[in-house]
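Student: predicted model, plus sequence, below.
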Amino acid sequence: MTILHETSTQRRARRVRHKLRLASPGKLRMSVYRSNMNLAVQIIDDTKGVTVVSATTTEKKLRGSLKNGRGMEAAEVIGKTVAERATKAGITEVYFDRGSYRYTGRLKVLADAARAAGLKF
């Protein structure tokens, strides 16, 4: 997609990622996807182009413990889960890529839960 035909959402996401890449080169990126029904988080190694750790509300393990995949409690569970999986993989420090989403509501709860579980960003 050329830059001339980008939507405002795509421009905002590109701007956020660019600033984060400049501020913390070499770190892993914790990317968040938020839809109306679910949340998904990935920790990505951009140098290799590989997803190291991921967690989503559509996983069978997490589905049973959640009322639905879109609330604050789901965001908290996903934040704790991704932080636990990251520490098992030896990851302690990442940078938080919120994409085009504002840092309020579910994203803030997710980030706080990940920090409380031991992930630094």
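Tutor: Ah, there it is. Numbers count the residues shown, from 1 in each chain.

Student: could I get the pLDDT score of the spatially most central residue of the chain?
Tutor: Nearest residue to the geometric centre of the chain (CA atoms, centre = their mean): V32, 2.9 Å. At V32, the pLDDT value in this model is 96.

Student: list the contacts of it.
Tutor: Neighbouring residues of V32 by CB atoms under 8 Å, 6 or more residues apart in numbering: L39, A40, V41, F96, D97, R98, G99, Y101, L107, L110. (Glycine included, C-beta is placed from N, CA and C.)

Student: could you do N36 as well?
Tutor: R70.

Student: over to it. Which of the three states is it?
Tutor: Assigned with DSSP: H, G, I helix; E, B strand; the rest coil, N36 falls in the coil class.

Student: any stretches of this protein with poor pLDDT?
Tutor: Within the chain, the ranges that satisfy pLDDT under 70 run 1-3.

Student: just the helices in it please.
Tutor: 8-23, 60-63, 72-88, 106-116 (DSSP state H).

Student: so for V52, which of these sits nearest?
Tutor: Closest to V52 of those, according to CB to CB: helix 72-88, at 7.7 Å.

Student: in the closest one, what's buried?
Tutor: Buried residues in helix 72-88, counted by 16 or more other CB atoms under 10 Å: 74-86.

Student: for I91, what are its contacts?
Tutor: So I91 contacts L28, I43, V52, V53, L119 (CB under 8 Å, 6+ apart).

Student: apply 10 Å and report the result again.
Tutor: Under the criterion of CB atoms under 10 Å, 6 or more residues apart in numbering, the neighbours of I91 are K27, L28, M30, I43, D45, V52, V53, V82, A83, R85, L119, K120.
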